[in-house]
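Student: compute the structure for the input listed below.
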Amino acid sequence: MQEQATSSIAASLPSSSERSSSSAFHVEVKEGIESDDEIRRVPEMGGEGAGPTESGRDGGSVGGPIQGGPRKRGRTPADKEHKRLKRLLRNRVSAQQARERKKAYMTDLEVRVKELETNNAELEERLSTLQNENQMLRQILKNTTAGSQDKRK
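Tutor: Okay, here's the model as predicted:
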């Protein structure tokens with residue numbers, strides 16, 4: 001399933017000729033099984049806050065039109081797609097981590113249930129033993145007090 005998701009993401013990405021230089025990012029499609037570190041790694045945007053780009057625009061400049069024409073407001077479709085893919089990847093990793101935490105929590109609970117059931121069984125057995133002992137002692141006490149009263153008469 002991971003391979004399908006990776007290949008579908010790569011298929012939806014624009015080709016290198018379609019990408020502009022300011023929104024270039026690299027997504028590596030690897031065959032086979034990826035390690036946890038590779039899955040959790042989120043690709044970074046190449047031109048985001050990295051200084052001037054090839055178009056001559058400076059990421060830190062403030063003001064009106066620059067040499068290349070009016071400054072675009074908002075994000076390019078490639079930037080939006082990159083942001084969406086990063087969010088999907090973070091969400092997938094977060095969901096996997098949540099499943100792992102839940103599994104560990106459930107395992108701990110199952111161990112605790114077994115410990116408590118064992119402890120409960122031991123306490124019930126001890127209670128039964130003590131109740132039997134108490135009943136025997138009461139019977140002995142009753143017999144001895146009744147026997148000593150018979151001797152007095």
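Student: all contacts plus neighbour counts: C-alpha atoms, from now on.
Tutor: OK.
Student: element containing Asp79?
Tutor: Per DSSP states H and E, Asp79 falls inside helix 77-152.
Student: Gly74: what secondary structure?
Tutor: Following DSSP: H, G, I helix; E, B strand; the rest coil, we place Gly74 in the coil state.
Student: and it, how far is that from Leu127?
Tutor: Counting by C-alpha to C-alpha, to the nearest Å, the gap from Gly74 to Leu127 is 74 Å.
Student: same deal with Ala98?
Tutor: Taking C-alpha to C-alpha, one finds Ala98 at 42 Å from Leu127.
Student: average pLDDT for stretch 112-126?
Tutor: For stretch 112-126, mean pLDDT is 98.
Student: cool, and stretch 146-153?
Tutor: 71.
Student: ok so, going back, elements contacting the helix holding Asp79?
Tutor: helix 36-40 (3 or more C-alpha pairs under 8 Å, 6 or more residues apart in numbering; DSSP states H and E).
Student: repeat that for 6 Å
Tutor: Applying 3 or more C-alpha pairs under 6 Å, 6 or more residues apart in numbering; DSSP states H and E, one finds that helix 77-152 contacts no other helix or strand.
Student: so which of Gly74 and Leu127 has more stuff around it?
Tutor: Leu127 (12 against 8; other C-alpha atoms under 10 Å).
Student: got a list of what that one touches?
Tutor: For Leu127, no contacting residues are found, by C-alpha atoms under 6 Å, 6 or more residues apart in numbering.
Student: from Glu110, how far off is it?
Tutor: 25 Å.
Student: equivalent analysis for Glu117, please.
Tutor: 11 Å.
Student: please apply the same query to Met136.
Tutor: Met136 is 39 Å from Glu110, by C-alpha to C-alpha.
Student: number of nearby residues for Leu89?
Tutor: Neighbours around Leu89, by other C-alpha under 10 Å: 17.
Student: so how far is Lys114 from it?
Tutor: In this view, Leu89 and Lys114 are 38 Å apart by C-alpha to C-alpha.
Student: repeat for Gly74
Tutor: 58 Å.
Student: ok, now Lys102?
Tutor: In terms of C-alpha to C-alpha, Lys102 sits 18 Å off from Lys114.
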